[in-house]
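Chemist: Provided below are the primary sequence and the corresponding predicted coordinates.
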Amino acid sequence: MTVRKETAAQERPRTVEAGWMAAVLVTGCLAGYLGIGVAQAGAQSSGSQAQQTQPAPTQPAQKDAIPDAPTVQPSATGPEPPAIPRPEEKKPATADRNPWTNQPNATPAEPRTAPGDETSGPPPPPMPPVKTVPPGSTKAPLAQEQLYTYVVHTNFVQIPVTVKDRDGRRVDGLLPSDFSVKENGALQKLSFFSSDPFALSVAIVLDLGMPDASVQKVNQTFSALVGAFAPYDEIALYTYSSTVSEVSDFIGASQKLTALLNQMKVERGRNNGVAVMSGPLAPNGPIINGIPVGSPTQPVYTPPKEAHVLNDAILRAALDLRKRDRTRRKIIFVISDGREYGSEASYRDVLKVLLSNEIQVKAVALDSGALPVYDKLERLRLPKQGYDDILPKYVSATGGLPVYKELSQSAIEDSYAQAMGEARSQYTLGYTPIPPKTPIAKAYHDIEVLVNRPGLKIYTKAGYYPALATR
């Protein structure tokens, strides 16, 4: 029995220590779950270790000694600080009106509702009906620079007019009341008038099918040709003979244009003289007793036909000019002898393009076209030999004044400055056609411009074709 009491006495402290360790572990777990600091759990564990030195109670008392789960003590807090007043939010002036109906809104007191409670408060205003449009039928907002674009309606007619006196001098200082315009016989009301100079878009068309002496004479006048333009003008250069070539797109009257014209000085015209049909220089083989070797009869040679595609050259320049800005005056300046042969385009088709895009044709006639008897010779047209009167027709129909017929180099240089000066300083009349009482079937519209002063002569186009809307 004694041995048993000593064993129980030895086991009793171990049991107490194990119970306290279990209590510490439970307390730590509950402290982590309930948010109690580690320091409080450590304080309780140190208190438990201090109790181990006291005498051990009986076995039933050990069960009652297990501590309960610690409770969270409310922290001592002082009185709540007063709330900081928030500044009032200023509502925009447009908040008092309905954006759809533009009517003033009622301003009831907005009750505070709990989160998620969507049933309280006044219902929102009904949405207006939404109309949709087909895609592509609306346009994006205009850019700022597009707001200042000069808009011209497609039925607006613009007429450049040059007025000269009996001595051929240009008449300035006329007023809108001095002009009257008739279209298809009906008097029109002018809605635009200007005597200010216009910037020019000029397409220079140079004939390289002229005799070489005429081409070289023109080459010596290029410096005067550059001087006839203003810094705000733009110039393109074309050449033609049997085909049309574009030498340069539209550029300013600068050193680049001078360099291009200097390169043109190496171009040569056709050889002078009559074609050789017989003799040692003729295009045939050896001849014995007047009969070619290998042929019983003497062949007949005809001179080759040289193409001069004046219509094609003017059409090519007109198609490029119609893409230029409408605020510029569009001019085709032809330097040629006026011959036309071999073009694919006809005069009527080319003239329709010119009158539909407000393009004038001005010309300087050289070589045979500058002869005093040229007007009489052009009426004697040989069959299948081309035309010699096409260039004056272009000039007269588009209002480009008569053809400048010059033979000397100085006269050619003077014609450059005169032609460009008159093109820039023309009167500009504009109107919107009044619909006729009876419909007119023809597409061409006749124009008659009258000046209410005696002894004056007017140079302008004789009519126009309405341009198709391209935008």
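Modeler: Perfect, I can see it now.

Chemist: how close does Asp325 get to Ala411?
Modeler: As for Asp325, its distance to Ala411 is 33 Å (criterion: CB to CB, to the nearest Å). For every residue, glycine as well, the C-beta is placed using N, CA and C.

Chemist: Neighbour count: the two, which is higher?
Modeler: Ala411 (14 against 10; other CB atoms under 10 Å).

Chemist: who's Tyr427 bridged to?
Modeler: Counting by DSSP bridges, Tyr427 forms beta bridges with Val161.

Chemist: I figured Glu267 hits Ser241, correct?
Modeler: No - the pair Glu267 / Ser241 is not scored as a contact, 9.9 Å apart, by CB atoms under 8 Å.

Chemist: ok, the two, which is more surrounded?
Modeler: Taking neighbours as other CB under 10 Å, Glu267 and Ser241 compare with Ser241 leading, 20 against 16.

Chemist: residue contacts, the more buried one?
Modeler: Listed by CB atoms under 8 Å, 6 or more residues apart in numbering, the contact partners of Ser241 are Asp207, Leu208, Gly209, Arg270, Glu306, Ala307, His308, Val309.

Chemist: And the pLDDT at it?
Modeler: Ser241 carries a pLDDT score of 91 in this model.

Chemist: overlap in contacts of Glu267 and Ser241?
Modeler: With CB under 8 Å, 6+ apart, Glu267 and Ser241 have common neighbours Leu208.

Chemist: Could I get the CA-only coordinates of stretch 317-324 as CSV?
Modeler: This file holds the C-alpha atoms of stretch 317-324, laid out as CSV (Å, rounded to 0.1, in the frame of the first residue of the first chain):
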residue,chain,number,x,y,z
ALA,A,317,-4.8,68.8,-119.1
ALA,A,318,-8.6,69.4,-118.5
LEU,A,319,-9.0,66.1,-116.6
ASP,A,320,-6.2,67.1,-114.2
LEU,A,321,-7.4,70.7,-113.9
ARG,A,322,-10.9,69.8,-112.8
LYS,A,323,-9.4,68.3,-109.6
ARG,A,324,-8.0,71.6,-108.5
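
Chemist: ranges for the helices of the protein?
Modeler: Remark: helices assigned in the chain by DSSP state H are 2-34, 38-51, 59-64, 212-219, 222-227, 255-264, 310-321, 347-356, 374-377, 390-398, 409-424.

Chemist: mind showing which ranges of the stretch 201-350 of the chain have poor pLDDT?
Modeler: Judged by pLDDT under 70, the stretch 201-350 of the chain has its weakly predicted residues at 270-305.

Chemist: in it, which spans are strands?
Modeler: Under the criterion DSSP state E, counting those that start in this stretch, strands of the stretch 201-350 of the chain are mapped to 234-240, 244-252, 287-288, 291-292, 329-336.

Chemist: Got a ChimeraX select line for the buried ones in the contacts of Ser241?
Modeler: Of the contacts of Ser241, the buried ones go into a single ChimeraX selection, burial set by 16 or more other CB atoms under 10 Å:
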select :207,208,209,307,308,309
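
Chemist: Closest one to Asn452 out of the contacts of Ser241, please.
Modeler: The closest of these to Asn452 turns out to be Asp207 (CB to CB; 40.6 Å).

Chemist: Show me the beta-bridge partners of the closest one.
Modeler: Tyr240.

Chemist: quick one, what contacts it?
Modeler: By CB under 8 Å, 6+ apart, the contact list for Asp207 reads Thr239, Tyr240, Ser241, His308, Leu310, Val334, Ile335, Ser336, Asp337.

Chemist: got it, and Ala419?
Modeler: Ala228, Phe333, Lys362, Val364, Leu401, Tyr404.

Chemist: can you put these in JSON lines and add distance to Pro160?
Modeler: What follows is those, written out as JSON lines (distance: CB to CB, whole Å):
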{"residue": "Ala228", "distance to Pro160": "18"}
{"residue": "Phe333", "distance to Pro160": "15"}
{"residue": "Lys362", "distance to Pro160": "12"}
{"residue": "Val364", "distance to Pro160": "19"}
{"residue": "Leu401", "distance to Pro160": "11"}
{"residue": "Tyr404", "distance to Pro160": "18"}
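
Chemist: What is the most widely separated pair among the residues you listed?
Modeler: Going by CB to CB, the pair spanning the contacts of Ala419 furthest: Ala228 and Leu401, at 14.9 Å.

Chemist: didn't Asn219 look like it was pressed against Gln263?
Modeler: No - with contact defined as CB under 8 Å, Asn219 does not count as touching Gln263 (10.5 Å).

Chemist: the more surrounded of those two?
Modeler: Taking neighbours as other CB under 10 Å, Asn219 and Gln263 compare with Asn219 leading, 17 against 11.

Chemist: residues near the nearest residue to the more buried one once chain neighbours are set aside, how many?
Modeler: Distance criterion CB to CB, 6 or more residues apart in numbering; nearest residue to Asn219, sequence neighbours excluded, is Lys265 at 4.4 Å. Each residue near Lys265 was counted by other CB under 10 Å, and the total is 12.

Chemist: Tell me how many other residues surround Arg258.
Modeler: Let me fix one detail, which is that residue 258 is Thr and not Arg. Neighbours around Thr258, by other CB under 10 Å: 15.

Chemist: mind listing what it touches?
Modeler: For Thr258, counting by CB under 8 Å, 6+ apart, the contacting residues are Phe222, Ser223, Val226.

Chemist: The last one reaches Gln255, doesn't it?
Modeler: No - in this structure Val226 lies outside contact range of Gln255 using CB under 8 Å: 9.3 Å.

Chemist: Can you pick out the residue with more neighbours from these two?
Modeler: Using other CB under 10 Å as the criterion, Val226 and Gln255 rank with Val226 on top: 17 against 9.

Chemist: Tell me who's in contact with Gly430.
Modeler: Counted by CB under 8 Å, 6+ apart, Gly430 has contacts Phe156, Val157, Gln158, Ile159, Leu190, Ser191, Phe192, Phe193.

Chemist: isn't Tyr238 right up against Asp249?
Modeler: No - checked against CB under 8 Å, the pair Tyr238 and Asp249 is beyond contact range at 10.3 Å.

Chemist: The two: which has the busier surroundings?
Modeler: When Tyr238 and Asp249 are compared for neighbours, Tyr238 comes out ahead with 20 against 10, by other CB under 10 Å.

Chemist: of the contacts of Gly430, buried ones?
Modeler: Buried among the contacts of Gly430 (16+ other CB under 10 Å): Val157, Ile159, Phe193.

Chemist: Please name the bridge partners of the closest residue to the first one other than its chain neighbours.
Modeler: What it means is Val157. Leaving aside its sequence neighbours, Val157 sits nearest to Tyr431 (CB to CB, 6+ apart; 5.7 Å). Applying DSSP bridges to Tyr431 yields these beta-bridge partners: Val157, Leu190.

Chemist: circling back to that earlier point, of the contacts of Asp207, closest to Asp178?
Modeler: Among the contacts of Asp207, Val334 lies closest to Asp178 (CB to CB), at 31.5 Å.

Chemist: burial count for the closest residue to the closest one other than its chain neighbours?
Modeler: The shortest distance from Val334 to any non-neighbouring residue, by CB to CB, 6+ apart, is to Ala363 (4.2 Å). Ala363: 26 surrounding residues under other CB under 10 Å.

Chemist: now could you export just the CA positions of stretch 333-347 as PDB?
Modeler: Output of stretch 333-347 as PDB, limited to C-alpha atoms (Å, rounded to 0.1, in the frame of the first residue of the first chain):
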ATOM      1  CA  PHE A 333      -2.400  77.700-122.000                       C
ATOM      2  CA  VAL A 334      -1.500  76.200-125.400                       C
ATOM      3  CA  ILE A 335       1.700  77.100-127.300                       C
ATOM      4  CA  SER A 336       1.200  75.500-130.800                       C
ATOM      5  CA  ASP A 337       0.700  76.100-134.500                       C
ATOM      6  CA  GLY A 338      -2.900  74.900-134.100                       C
ATOM      7  CA  ARG A 339      -2.800  71.700-136.200                       C
ATOM      8  CA  GLU A 340      -4.900  68.700-135.100                       C
ATOM      9  CA  TYR A 341      -4.600  65.200-136.500                       C
ATOM     10  CA  GLY A 342      -4.800  61.700-135.100                       C
ATOM     11  CA  SER A 343      -6.500  62.400-131.700                       C
ATOM     12  CA  GLU A 344      -8.800  59.800-130.200                       C
ATOM     13  CA  ALA A 345     -10.900  62.500-128.500                       C
ATOM     14  CA  SER A 346     -13.200  64.600-130.600                       C
ATOM     15  CA  TYR A 347     -13.600  68.400-130.300                       C
END
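
Chemist: Please consider this matter closed, and thank you.
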